[in-house]
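# Here is my input; please provide its structure:
(one chain, ligands or ions: 1)
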Amino acid sequence: MVQHHLTAEVDAVVKQQVAMARLGVGECGTGWQLFAEDGEMRMYRREQEVDGMVVDPLKAVHTVKGITGHEVCHYFFSPQYRYDWETTLEHMNVVETISEDTLVFYQLHKRIWPASQRDVVFWSHIRHLPNDQDRDGPHIWTVVNQSTEHPEYPGCSGKTVRIYLTVCLLCQTIVNPPKDGAPISRNDISCKITYCSVVNPGGWAPASVLRAVYKREYPKFLKRFTAYVINQSKNKPIMF
Ligand SMILES: CCCc1ccc(-c2ccc(S(=O)(=O)CCO)cc2)cc1[C@H]1C[C@H]1c1ccccn1
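All right, here's what the predicted structure looks like:
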């Protein structure tokens, strides 16, 4: 099979991001501060600036009943659902289909006053990882989004600011089989979600503005997205 020029990068970044996502907020050193909590959802960030720009890494952990890691990753990865849950999108298109599990996206996000409008080009890869720690343990599903260059979308259009991001959505399905040996239903499953993201906003924007945008938008995004997956999955057969 002919290797795409990104195949090696995708493999390396996915392995690195999965390893990082698996580290609890306790383990990867201090510095993680809880900034949002809602039921089972906990959102942490580290205050970090690069060249005077806010690039605060974000890590969210959430446990959602009634859906599997495969379902969460499926709806996060697949382009046909994105406008349903990503409310900050003005435009999105698939620039290149590298393989059935690796796509390149262009996204134009709505302008968030007073910051200028942002756009991003990234490859997105969905992968099913056998649980190497525990053979018959629950499988892990992940989607990794990583900024990339594409000749059709040079980052210097002038009108918008190109952002750079690395995102990892890591999902572990927990099954509590019913005592009486009945078939597994949605009441017997839940999904442990870890969402990690580092976004470099590209051009300069006031730290206070960016931090306010992230503080408002990330909790909204994760709640809306998980509610969307629950709603889409509830009357369908379970995707393990
Ligand atoms: C000035 C920064 C602007 C800004 C940078 C980045 C993103 C952003 C892009 C992609 C992803 S994703 O997880 O890959 C899902 C696919 O869309 C999440 C967030 C959004 C905003 C803006 C729209 C705001 C926002 C921030 C956080 C979450 C959602 N929306």
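
# Check the spacing between Phe77 and the ligand real quick.
Here Phe77 is placed at a distance of 10 Å from the ligand (Cβ to the nearest ligand atom, to the nearest Å). All C-beta spots, glycine's among them, are computed from the backbone N, C-alpha and C.

# dump the residue contacts of that residue.
Leu103, Ser124, Ile126, Val143 (Cβ atoms under 8 Å, 6 or more residues apart in numbering).

# May I see those residues organised as JSON lines, with pLDDT added?
Formatted as JSON lines, the contacts of Phe77 follow (pLDDT from 0 to 100):
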{"residue": "Leu103", "pLDDT": "98"}
{"residue": "Ser124", "pLDDT": "98"}
{"residue": "Ile126", "pLDDT": "98"}
{"residue": "Val143", "pLDDT": "98"}
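
# pretty sure Asp38 contacts Lys220?
No. Judged on Cβ atoms under 8 Å, Asp38 makes no contact with Lys220 at a distance of 9.9 Å.

# Just give me the neighbour total for the closest residue to Thr63 other than its chain neighbours.
Of all residues beyond its chain neighbours, the one nearest Thr63 is Glu40 (4.4 Å), with distances taken as Cβ to Cβ, 6 or more residues apart in numbering. Per other Cβ atoms under 10 Å, the neighbour tally for Glu40 reads 14.

# go on, Asp188?
16.

# please renumber so the chain begins at 158
In the new count, where the first residue is 158, that last one comes out as Asp345.

# residues in contact with it?
Asp345 neighbours (Cβ under 8 Å, 6+ apart): Val332, Asn333, Pro334, Pro335.

# Give me the buried positions along the helix or strand that contains Lys216.
Taking DSSP states H and E as the definition, one finds Lys216 inside strand 215-222. Buried residues in strand 215-222, defined by neighbour count with 16 or more other Cβ atoms under 10 Å: Leu215, Lys216, Ala217, Val218, His219, Val221.

# got the residue ranges for the strands in this protein?
If you assign secondary structure with DSSP state E, the strands in the chain sit at 190-195, 198-202, 206-207, 210-211, 215-222, 246-256, 259-266, 275-286, 297-304, 318-319, 321-332, 346-357.
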